[in-house]
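[1] build me a structure from this.
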Amino acid sequence: MRKALEKHQVERHQGISRSSIRDIILGFQDGIVNTLGLVLGVASAVQSTKIVLISGLVTTFAESISMAAVAYTSTKAAHEFYESQLEREKKEIKEIPHMEVQEIIDIYYKKGFRGKQLEGIVKKITSNKKLWLETMMAEELKMFPEDYEKPLKSAMVVGMSAVFGSLVPVLPFFILPVKLGMVFALALSVLMLFFVGAVKARVTIGDWKKSGFEMAIVGTVAALAGYLIGSLLGVIYA
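    Below you'll find the model as predicted:
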């Protein structure tokens, strides 16, 4: 039993880590894809390193602030929903305990427990209000506090990840002329997207090669769209 509890604690801590990794991947991926399409589009339209850098850097910070804001509001909403469900369960345990006890019985009956074993489990859980509440949240609602990050933390992780991701397709233009910079920006971005996709599969579920290729293809499609639009605008306004 002790080993099982220790294993469960490790898994929950890993869940916290996965939540942060999810935010990092989200920010980094969106930062690369959005900025790559823009810089290639601008580069193909104006053929000016200075303008490409300005537009790329403006997009980097505007995109990062926007994503951080979205992460903050969405995480805050999710956290508030969790808190509202927690308060509802507290109220029900206090006001209608007999119904909540029956729910515990039903939950563990479905897991295969019967007779005295079931009675012992129910008695153990319902004799401790904190454990009872945690059990209802986890077993009935499938909600865990570790899955609801602090809004400010999530916003900072997503925002900073977006900054680093957005800088990837911009960096080549600091040292290379426009045409060569476009080639290196695309190659570097696709490589980084493949890496991010592979990491995503490793920390979740899936084949790392497939996930890497999928993310790289998404980035390439976005880049080509930006390039084609930029080329078209360059011809129209030339």
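
[2] helices of this structure, start to end?
    Using DSSP state H, the helices assigned to the chain run over residues 2-46, 49-95, 97-110, 115-126, 129-135, 151-167, 172-175, 178-203, 208-236.

[3] redo the ones you listed as JSON lines? Include distance to Lys142.
    C-beta: built from backbone N, CA, C; applies to glycine. Shown next, in JSON lines, are the helices of the chain (distance: least, CB to CB, whole Å):
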{"stretch": "helix 2-46", "distance to Lys142": "13"}
{"stretch": "helix 49-95", "distance to Lys142": "11"}
{"stretch": "helix 97-110", "distance to Lys142": "11"}
{"stretch": "helix 115-126", "distance to Lys142": "17"}
{"stretch": "helix 129-135", "distance to Lys142": "12"}
{"stretch": "helix 151-167", "distance to Lys142": "20"}
{"stretch": "helix 172-175", "distance to Lys142": "45"}
{"stretch": "helix 178-203", "distance to Lys142": "20"}
{"stretch": "helix 208-236", "distance to Lys142": "25"}
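
[4] now mean neighbour count too, for those helices, in CSV please.
    What follows is these, written out as CSV (neighbours: other CB atoms under 10 Å):
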stretch, mean neighbour count
helix 2-46, 18
helix 49-95, 16
helix 97-110, 14
helix 115-126, 14
helix 129-135, 15
helix 151-167, 22
helix 172-175, 17
helix 178-203, 19
helix 208-236, 17
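
[5] residues touching Lys150, list them.
    With contact set as CB atoms under 8 Å, 6 or more residues apart in numbering, Lys150 has these partners: 75, 79.
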